[in-house]
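Engineer: From the sequence below, what's the structure:
(one chain, ligands or ions: 3)
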Amino acid sequence: QKFVYDFTEGNKDLKGLLGGKGANLAEMTNLGLPVPPGFTITSEACKVYLATGTEPAALRDEVSAHLDALESAMGKKLGQADDPLLVSVRSGAKFSMPGMMDTVLNIGLSDKSVAGLAKQSGDERFAWDSYRRLIQMFGKTVLGVDGDHFEEALEDAKRAKKAATDIDLDAADLKKLVKQFKKIVTRDAGRDFPQDPREQMDLAIRSVFESWNTDRAKLYRRQERIPGDLGTAVNICSMVFGNLGPDSGTGVAFTRDPASGHQGVYGDYLQNAQGEDVVAGIRNTVPLADLETIDKKSYDRLMQIMEILETHYRDLCDIEFTIERGELWMLQTRVGKRTAGAAFRIATQLVDQGLIDEAEALQRVNGAQLAQLMFPRFDDGAKAELLGRGIAASPGAAVGKAVFDSYTAVKWSRSGERVILIRRETNPDDLDGMLAAEGILTSRGGKTSHAAVVARGMGKTCVCGAEELEVDTKRRRMTVGKTVIEEGDLVSVDGSTGKVYLGEVPVVPSPVVEYFEGRMHAGADDADELVEAVHRMMAYADRRRRLRVRANADNAEDALRARRFGAQGIGLCRTEHMFLGERRAMVERLILADTDDERDQALKTLLPLQKKDFVELFEAMDGLPVTVRLLDPPLHEFLPDITELSVRVALAESREDHNENDLRLLQAVHKLHEQNPMLGLRGVRLGLVIPGLFAMQVRAIAEAAAERKHAKGDPRAEIMIPLVGTVQELEIVRDEAEQVIAEVRKATGIDLRLSLGTMIELPRAALTAGQIAEAAEFFSFGTNDLTQTVWGFSRDDVEASFFTAYLEKGIFGVSPFETIDMDGVGALVRSACEAGRKTRPDLKLGICGEHGGDPESVHFFHQVGLDYVSCSPFRIPVARLEAGRAAA
Ligand code: ADP
Ligand code: MG
Ligand code: MG
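Structural biologist: Ligands and ions are numbered 1, 2, ... in the order given. Presented below is the predicted three-dimensional model:
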């Protein structure tokens with residue numbers, strides 16, 4: 001097994017082995033772009049280290065061999081006293097984890113070689129600046145010294161010198177600082193800063209390995225659903241120097257605007273600076289376009305390289321580069337993160353440019369992004385007090401109470417408050433706070449600052465670099481001109497425009513929703529670019545998908561919206577709402593009925609009301625299938641709350657004012673009380689135990705369908721029996737239903753065809769699906785109940801109690817109620833489909849649980865071969881898109 005690859009040996013497809021950074025450095029090297037030479041230690045080596053606590057035996061020799069080769073190519077040795085080769089040791093995992101892992105620059109500098117570097121470069125200040133940076137980074141990331149100690153010493157040095165920035169410190173100052181930094185290391189790390197260059201390198205490599213398992217790396221992976229066992233690669237890259245004076249510098253660039261998708265010159269540049277300086281916001285950067293006047297030659301070369309990269313990667317790339325005395329070097333590229341809106345626009349732009357085809361375009365977006373675009377936005381027309389404006393870093397409209405530290409953000413959000421996290425700038429320690437906040441606001445940093453990059457990744461609203469805001473973390477407030485915003489004051493942050501408002505600004509629907517609603521049209525003059533792009537992508541998806549998409553909707557209004565959003569039917573109409581509101585009294589009478597007669601009377605009063613509901617629904621969905629589920633929840637849910645009722649009865653009793661009905665209700669509530677209502681008298685069991693209940697519902701459906709037919713409509717009702725565990729249950733209910741339908745057919749003279757099917761939501765039903773299919777024309781998997789019963793936990797209880805612990809321990813990557821558990825619940829779905837179709841080849845198969853609108857689950861249902869998924873109306877576009885992506 002080979003653990004080390006030279007940059008010339010890798011390529012962009014080896015991300016798993018070389019990490020994203022290493023694979024792309026290799027790709028750029030092989031494209032002939034100017035990359036400083038180096039090599040990559042594989043993530044396999046890291047895995048061995050993490051599993052055994054030591055580097056694999058062969059690693060040391062392999063690293064030595066590659067280092068030798070690098071040294072001969074460069075004509076100098078690592079840390080050589082009179083002319084040192086310096087390298088960076090950089091982490092880089094398969095998936096980019098911005099700011100999560102550690103990188104150390106200037107490895108190879110020591111008390112001896114710092115003089116050699118000064119002499120070779122002719123710049124003593126530069127040499128000492130590089131050395132103090134090395135001790136600072138190495139001390140912090142490798143030796144675990146608190147970084148603040150170095151920062152404070154640096155600030156003191158600047159203050160003593162009345163220096164505005166680090167640039168104003170001269171060689172002598174930096175030399176003093178190095179002495180101080182070394183003292184800090186010795187004091188806090190319990191050892192001296194290592195003078196042996198190879199020891200520096202080896203320790204740095206090990207610390208990169210270890211950085212895979214820091215708390216913040218773990219948190220980020222959990223959030224992004226990145227597996228925990230991939231490990232990170234380590235890149236050893238010869239140094240180039242942006243801190244060699246004004247003709248040097250370092251910058252970041254995007255080949256397109258990651259917020260809008262527009263082509264152009266986007267990025268930040270900082271003269272006389274090294275590495276992280278640009279993103280850390282230590283000095284103010286200039287826009288990349290200014291590089292044209294600073295150094296035209298390098299600028300032109302950069303533009304040329306960006307063009308090469310876009311064409312080569314066929315996507316938006318982001319880039320890190322350094323200019324050393326007028327010479328441009330590429331230090332990193334990767335396919336760049338982007339906002340949801342930009343993802344859609346870029347995908348269609350690339351199709352137009354002929355760089356990708358439609359199927360590929362579909363892989364460039366996802367349902368989560370589409371969902372994000374459907375969020376509401378701030379109302380332009382609303383009166384709002386503008387506080388300031390920063391950079392629109394990650395879109396969305398966020399309103400919340402101002403908080404100035406992560407701890408408070410987490411605490412307040414736990415207690416149900418919406419908060420906006422406001423910081424001067426964020427760093428990886430702010431991650432929990434960023435997760436907890438509705439939005440993030442910083443007063444410093446550009447589009448590539450930590451806050452911006454991480455918020456975009458999380459899909460969180462973010463405005464950064466709002467310079468008018470004076471953030472005072474210590475006093476927990478910020479001031480803007482004369483306005484003071486204290487902790488707890490409401491602010492509104494618009495991540496699409498960069499504007500920050502005082503107070504709560506009202507929100508309006510997104511243009512994408514307006515488009516789906518049919519209130520904005522693609523191709524119309526006022527349609528925005530985003531709507532055009534979404535329109536086209538939806539068409540690509542609809543042309544390809546095999547899964548049909550239905551809606552879960554209980555009334556005509558929801559059904560009509562679902563239809564506008566592209567629903568091809570209703571997969572689940574819950575009938576329980578038809579028993580609520582003013583109809584409660586009738587249901588109470590039904591439950592309290594002592595005689596058949598009383599019960600029949602109660603049912604009779606419910607019948608016309610239900611029929612009317614169905615007529616409206618079938619009319620709204622004319623020509624499309626509507627699956628109606630017969631009553632599912634336990635009856636006690638329709639009765640008053642037991643405590644409330646007991647109090648009422650007791651009070652009445654104390655006034656000697658007996659209410660006969662309340663007393664009977666109370667008795668009934670006691671009688672119906674169950675320890676485990678979820679596993680109690682509900683679903684098909686109700687139909688079997690309460691005579692006439694299901695018959696009434698079936699009659700309402702059949703009569704409604706007859707009425708619609710009579711009116712020349714095209715009703716396509718499907719009757720669905722919930723919670724069936726065995727075919728016998730289904731057969732009894734089915735016989736009864738068929739009899740009712742026959743009666744309605746006879747009475748109306750209308751040729752009614754209603755299909756009858758069942759939900760598969762109990763393990764037993766799934767296991768005996770072959771038998772059940774004999775009595776069912778369709779199956780609809782109720783994956784919510786199926787998940788509860790397969791795992792044996794109650795959704796209403798566990799999500800708040802032990803799920804967080806399970807997620808933290810990595811038992812699930814995501815709640816099985818959110819994404820279908822493919823190995824367990826999914827396996828049952830798969831085998832039930834096979835068994836069912838064996839019995840009845842034309843069996844229709846669908847799913848109506850919450851999972852119907854979840855992107856990953858949709859892909860699974862596509863693979864299993866279902867006919868449709870059904871989800872809530874707002875998720876329909878997401879399901880359509882994902883079904884198209886699954887088939888593309
Ligand atoms: P991250 O993954 O956090 O971006 P990097 O490994 O890319 O970390 O390095 C951090 C910073 O140091 C980046 O700005 C990068 O461009 C710079 N850098 C890394 N290696 C070198 C090098 N060999 N010469 C000059 N700058 C470097
Ligand atoms: Mg980088
Ligand atoms: Mg159910």
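
Engineer: can you give me phi and psi for the residue in the stretch 251-400 of the chain that ligand 2 sits nearest to?
Structural biologist: Ranked by Cβ to the ion, the top residue of the stretch 251-400 of the chain for proximity to ligand 2 is residue 332, at 4.5 Å. For every residue, glycine as well, the C-beta is placed using N, CA and C. The phi/psi pair for residue 332 (degrees, to the nearest 10) reads phi -170, psi 150.

Engineer: Which SSE is immediately downstream of the longest helix seen in the chain?
Structural biologist: As assigned by DSSP state H, the longest helix anywhere in the chain is helix 596-620. Scanning forward in sequence from helix 596-620 by DSSP states H and E, the next helix or strand is strand 625-629.

Engineer: average pLDDT for that following strand?
Structural biologist: Strand 625-629 comes out with an average pLDDT of 98.

Engineer: Flag every buried residue along the helix or strand following it.
Structural biologist: Using DSSP H and E, the next helix or strand after strand 625-629 towards the C-terminus is helix 642-654. Neighbour counts over helix 642-654 (16 or more other Cβ atoms under 10 Å) mark 645, 648-649 as buried.

Engineer: and which of those residues is nearest residue 219?
Structural biologist: Using Cβ to Cβ, residue 645 comes nearest to residue 219 of those, at 46.5 Å.

Engineer: isn't residue 345 right next to residue 531, touching?
Structural biologist: No. Using Cβ atoms under 8 Å, residue 345 is not in contact with residue 531, being 10.5 Å away.

Engineer: Could you list the low-confidence segments of this protein?
Structural biologist: 98-101, 223, 281, 447-448, 457, 459, 525-527, 799-801, 804, 807-808 (pLDDT under 70).

Engineer: residues from it in reach of ligand 3?
Structural biologist: 761, 782, 785 (Cβ under 5 Å from the ion).

Engineer: Quickly note the distance from the last one to residue 660.
Structural biologist: Using Cβ to Cβ, to the nearest Å, we find residue 785 at a distance of 38 Å from residue 660.

Engineer: could the buried residues of helix 642-654 be laid out in a markdown table, adding distance to residue 219?
Structural biologist: Below are the buried residues of helix 642-654 laid out as a markdown table (distance: Cβ to Cβ, whole Å):
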| residue | distance to residue 219 |
| --- | --- |
| 645 | 46 |
| 648 | 49 |
| 649 | 52 |
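
Engineer: ok, which of these also contact ligand 2?
Structural biologist: Here nothing survives when the buried residues of helix 642-654 are matched to ligand 2 using Cβ under 5 Å from the ion.

Engineer: quick one: which of those residues is nearest ligand 1?
Structural biologist: residue 645 (61.7 Å; Cβ to the nearest ligand atom).

Engineer: who's in contact with the closest one?
Structural biologist: Shown in contact with residue 645 (Cβ atoms under 8 Å, 6 or more residues apart in numbering): 639, 662, 665-666, 669.

Engineer: Return the residues of this structure in contact with ligand 1.
Structural biologist: Selection of the chain residues close to ligand 1 by Cβ under 6 Å from any ligand atom yields 36, 88, 90, 99, 103, 105, 237-240, 275-276, 320, 322, 331-332.

Engineer: try it again with 5 Å
Structural biologist: Contacts of the chain with ligand 1, taken as Cβ under 5 Å from any ligand atom, map to 88, 90, 103, 237, 239-240, 275-276, 320, 322, 331-332.

Engineer: Tell me the spacing between residue 744 and ligand 3.
Structural biologist: Counting by Cβ to the ion, to the nearest Å, the gap from residue 744 to ligand 3 is 27 Å.

Engineer: Pull the number of nearby residues for the closest residue to that residue other than its chain neighbours.
Structural biologist: In space, and not counting its chain neighbours, residue 744 is closest to residue 702: 4.0 Å by Cβ to Cβ, 6 or more residues apart in numbering. Neighbour count for residue 702, taken as other Cβ atoms under 10 Å: 27.

Engineer: which residues does residue 702 contact?
Structural biologist: Contact analysis of residue 702 by Cβ under 8 Å, 6+ apart lists 717, 740-741, 744-745, 752, 754.

Engineer: Tell me the secondary structure of it, please.
Structural biologist: When classified by DSSP: H, G, I helix; E, B strand; the rest coil, residue 702 comes out as helix.

Engineer: got the residues of the stretch 551-700 of the chain near ligand 2?
Structural biologist: Close to ligand 2, as judged by Cβ under 5 Å from the ion, the stretch 551-700 of the chain has no residues.

Engineer: Does residue 129 touch residue 174 like I think?
Structural biologist: Yes. Using Cβ under 8 Å, residue 129 is in contact with residue 174, at 5.4 Å.

Engineer: still on that earlier bit, between the contacts of residue 702, which has the most around it?
Structural biologist: residue 717 (25 neighbours).

Engineer: Kind regards, and thank you for your time.
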